[in-house]
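K.L.:
What shape does this take:
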Amino acid sequence: MKKFVAELIGTFMLVFVGTGAVVFGNGLDGLGHLGIAFAFGLAIVVAAYSIGTVSGAHLNPAVSIAMFVNKRLSSSELVNYILGQVVGAFIASGAVFFLLANSGMSTASLGENALANGVTVVGGFLFEVIATFLFVLVIMTVTSESKGNGAIAGLVIGLSLMAMILVGLKITG
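P.N.:
Residues are numbered from 1 along each chain as shown. Now for the predicted structure:
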């Protein structure tokens, strides 16, 4: 139960801070690419160092699935982690929507992902596969017992998410 709650809180933190920065920071016209990337990256860093000792701060089903495939997570833990992540993301999205709806700001765009003009579905999908692979590769390496460096893992993971967002924000949002 502790791991479920940790993943719920960590994913809430990531989604609330990240999408909150997009929505309340006026998207690309406000914070811009760098500000949005920083918000998501810093949320990962904070979550990693605050709940990482409880659950490992996966915060993403792709990460949990990779941990399961590499036998670093049991099947029952996998289900528990993904449920916590989904619930945390829904609650965070609901909180952002509630705050936005009660702020007088438009709820027309809630920071949803969308393909940029000229980007095909195949191109967008390919970018997401590559970005997810690179992000998970970094996580699996820096958290490895034999090759990793636990002291700075959270920072490296946050920076890698920032890099993926800087590259892909104009591709898939």
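K.L.:
max-length helix in the protein?
P.N.:
helix 75-101 (DSSP state H).
K.L.:
Please identify the buried residues of it?
P.N.:
77-78, 80-82, 84-85, 87-89, 91-93, 96, 100 (16 or more other CB atoms under 10 Å). (Glycine included, C-beta is placed from N, CA and C.)
K.L.:
Repeat that for stretch 113-132.
P.N.:
Those would be 119, 124, 127, 128, 131, for stretch 113-132 by 16+ other CB under 10 Å.
K.L.:
Which secondary structure element of this protein has the lowest mean pLDDT?
P.N.:
helix 27-30 (a mean of 66; mean pLDDT, DSSP states H and E).
K.L.:
In the protein, where is pLDDT below threshold?
P.N.:
27-29, 105-112 (pLDDT under 70).
K.L.:
how about 90 then?
P.N.:
The model of the chain has pLDDT under 90 over residues 21-33, 56, 97, 100-117, 144-151, 169-170, 172-173.
K.L.:
who's in contact with residue 39?
P.N.:
For residue 39, the contact set (CB atoms under 8 Å, 6 or more residues apart in numbering) comprises 17, 18, 20, 21, 22, 25, 31.
K.L.:
Roughly how far does it sit from residue 143?
P.N.:
23 Å (CB to CB, to the nearest Å).
K.L.:
can you pull out the helices in this structure?
P.N.:
2-24, 27-30, 32-55, 61-69, 75-101, 121-142, 153-172.
K.L.:
how big is the angle separating the fourth one from helix 32-55?
P.N.:
In this case it means helix 61-69. Here helix 61-69 runs at an angle of 40 degrees relative to helix 32-55 (axes from the mean of the first three to the mean of the last three CA atoms, to 10 degrees).
K.L.:
Cheers, nothing more for now.
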